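**Student:** Kindly return the folded structure for what I paste below:
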Amino acid sequence: MKNLTLPILVLFALALPPAHAWQAGEFYNGMPRADVELALKSWKFGNITPLGADMILAQDPTDQPGARNYEFQFCNDKLVGFEQLVKPTFQNFITLASNYSNQYGSPVYTMPYTKVIASGPVSQLGLFWRKGSDFIGVRYMESTMGEQLRLSWQVNNNCWSAPR
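**Tutor:** Next up, the predicted model:
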């Protein structure tokens, strides 16, 4: 009987459904694109826009209080990244970065970025933490078009290397 215990435990573990890495609401890493599209219908966004084979943008009108702005990123029709735009202030960036640092330690990847395009300068600072196979990030961007503050959840995949 003792000789069967380990093989039975291994078979039991293999029979369990795989644990998902990140999860945001009902959306999770590896979720099929068709399931994401179906779930989005019940969220009643103002606008859902497919952006090629690898992205869906779901937005509410910006004049609505609490307007949602989500970006779903796919690789081979599986969800591998999710970004949420939040109120873009540098104070919010500092607060989020501090909270993530307290929860996950020092960032494992920093993404400073500055360039000048036709409309003017673009500056960005992204900080990413690792939780298992997940990259959890906060990114602040400022340009002549305004500010953006993004929260992101990503995993490495066959289409691009995370974080990006």
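**Student:** Now do the contacts for residue 110.
**Tutor:** Shown in contact with residue 110 (C-beta atoms under 8 Å, 6 or more residues apart in numbering): 125, 126, 127, 128. For every residue, glycine as well, the C-beta is placed using N, CA and C.
**Student:** ok, those vs residue 106, which is closest?
**Tutor:** Lowest distance from residue 106 to these (C-beta to C-beta) belongs to residue 127, with 9.3 Å.
**Student:** next SSE after the longest strand seen in the chain?
**Tutor:** Counting by DSSP state E, the longest strand found in the chain is strand 120-131. Later in the chain than strand 120-131, the nearest helix or strand by DSSP states H and E is strand 134-143.
**Student:** Against which helices or strands is the following helix or strand past that next one packed?
**Tutor:** As assigned by DSSP H and E, the chain's next helix or strand after strand 134-143 is strand 146-155. Packing contacts for strand 146-155, counted by 3 or more C-beta pairs under 8 Å, 6 or more residues apart in numbering; DSSP states H and E, involve strand 78-86, helix 90-104, strand 134-143.
**Student:** Return strand 146-155 as CSV; C-alpha atoms alone will do.
**Tutor:** Output of strand 146-155 as CSV, limited to C-alpha atoms (Å, rounded to 0.1, in the frame of the first residue of the first chain):
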residue,chain,number,x,y,z
GLY,A,146,-1.7,63.9,-22.1
GLU,A,147,-0.9,61.3,-19.4
GLN,A,148,-1.6,57.6,-19.2
LEU,A,149,-1.3,55.2,-16.2
ARG,A,150,-1.6,51.5,-17.0
LEU,A,151,-1.7,48.5,-14.7
SER,A,152,-0.7,45.3,-16.5
TRP,A,153,-0.6,41.6,-16.0
GLN,A,154,1.4,39.5,-18.5
VAL,A,155,3.1,36.1,-19.0
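**Student:** Report the inter-axis angle for it versus strand 120-131.
**Tutor:** Computed by axes from the mean of the first three to the mean of the last three C-alpha atoms, to 10 degrees, the angle separating strand 146-155 from strand 120-131 equals 30 degrees.
**Student:** Just the buried residues of strand 146-155, please?
**Tutor:** Across strand 146-155, burial judged by 16 or more other C-beta atoms under 10 Å covers 148, 149, 150, 151, 152, 153, 154, 155.
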